[in-house]
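# Sequence first, then the predicted structure:
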Amino acid sequence: MARGDCESAFRLAAERDGVDLVRAKVPWLKQRGHLGLPEEALSAVPAMQAIFEALDGIEADMAAKKLTALPGDFVHLKSGVFLEVDESQHFTSFRLATLDLYPATIPLGFDLLEYKRLCREWAPRSDRYRRDKAAIGFGPSGRQRQRAYNDALRDLVTPVMGHPPVIRLAATNRDGVAAYASARVRIRTATAGSPRDQLQPGNRP
C-alpha cells in the first residue's frame, strides 16, 4: 500500500457516510511545537516540556524551526473534531513513553490503555521503522521520537484550544475503511455536536 492510501481510504469511507473531513492544518499547531504555542495554550507547555525532555529533544534546534503550521490528518470543520489515523509506525516505545506522561486531567478521544497495549505489541517491529532517519529537534535517528512528540502535541494542545479531544483510530493493518467502520458510531456522535458540547475534562473512553 502506497503512502497516504490508508488515510485516503478513511476519508472516503467517512464521506460516503456523510462525514466530511478536510486535511488538518491550524495556525496554533506549529513545527516549533511547544516552543511556538499561542498564549491560550500555554497551560500545555509543562507536560509537553517533560515529554520533549523524555524524548531527548534538542531545544536549540527546535527553537530554530520555522513557525509554519504542523499538518495533521483530518478535521471536521463544523464540530471542530480532529481525527488521526495511526498506522503501525505510530506504536513505538517512544510513543509509549509519551502516553505515560499524559496528565490525568487531559481529555482524550481514544482508549489510553489500549493505545499503550498496542505500543507494547508493535514496538519490537515499529521501533525499527526508519530508525536511522534524522529529524530536526531530535537529531540523528530522531524521526520516531519526533513522530511520538507530534502525536502528543496534538493530543494535549487541541483540547486546551477549545476543541473536542483528538479522536485517534488505530490502523495497524493499514486498512482505512476498517478503521472508520470500527469507530463509526463514535465518530458520527462526536461530529454531530459542537466543540463546547464535547469538551469534558477527564474523558478517557
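Now that the structure is in, tell me what you want to look at.
# For Glu173, what is the enclosing helix or strand?
Just to correct that, residue 173 is Asn rather than Glu. Per DSSP states H and E, Asn173 falls between elements, in no helix or strand.
# Number of residues surrounding it?
12 (other C-beta atoms under 10 Å). To be clear about C-beta, it is placed using only N, CA and C from the backbone, and glycine gets the same treatment.
# residues touching it, list them.
Contact analysis of Asn173 by C-beta atoms under 8 Å, 6 or more residues apart in numbering lists Ser88.
# Distance check, it against Leu113.
20 Å (C-beta to C-beta, to the nearest Å).
# Got phi/psi on the closest residue in space to Glu15 that isn't next to it in sequence?
Spatially, and ignoring its direct neighbours in sequence, Glu15 is nearest to Leu21 (7.2 Å; C-beta to C-beta, 6 or more residues apart in numbering). The phi/psi pair for Leu21 (degrees, to the nearest 10) reads phi -120, psi 150.
# looking at it, Leu21 is touching Lys78, isn't it?
No. In this structure Leu21 lies outside contact range of Lys78 using C-beta atoms under 8 Å: 10.7 Å.
# Which of the two has more residues huddled nearby?
Leu21 (23 against 13).
# Please tell me how far the more buried one sits from Gly72.
If you go by C-beta to C-beta, the gap between Leu21 and Gly72 works out to 11 Å.
# likewise Lys78?
Lys78 is 17 Å from Gly72, by C-beta to C-beta.
# now the strands: where do they sit in this protein?
Assigned by DSSP state E, the strands in the chain fall at 22-23, 74-76, 81-86, 167-170.
# Go through those strands and pick out the most buried.
Comparing these by mean neighbour count (mean count of other C-beta atoms under 10 Å), strand 81-86 ranks first with a mean of 24.
# Report the distance from it to the chain centre.
How far strand 81-86 lies from its chain's middle: 7 Å, per C-alpha atoms, centre = their mean, to the nearest Å.
# for stretch 54-72, same thing?
Distance, centroid of stretch 54-72 to centroid of chain: 15 Å (C-alpha atoms, centre = their mean).
# ditto for stretch 35-46
Remark: stretch 35-46 is offset 17 Å from the chain centroid, using C-alpha atoms, centre = their mean.
# which residues in the protein form helices?
5-16, 45-54, 59-63, 93-99, 112-126, 143-160, 176-182, 184-192, 195-198 (DSSP state H).
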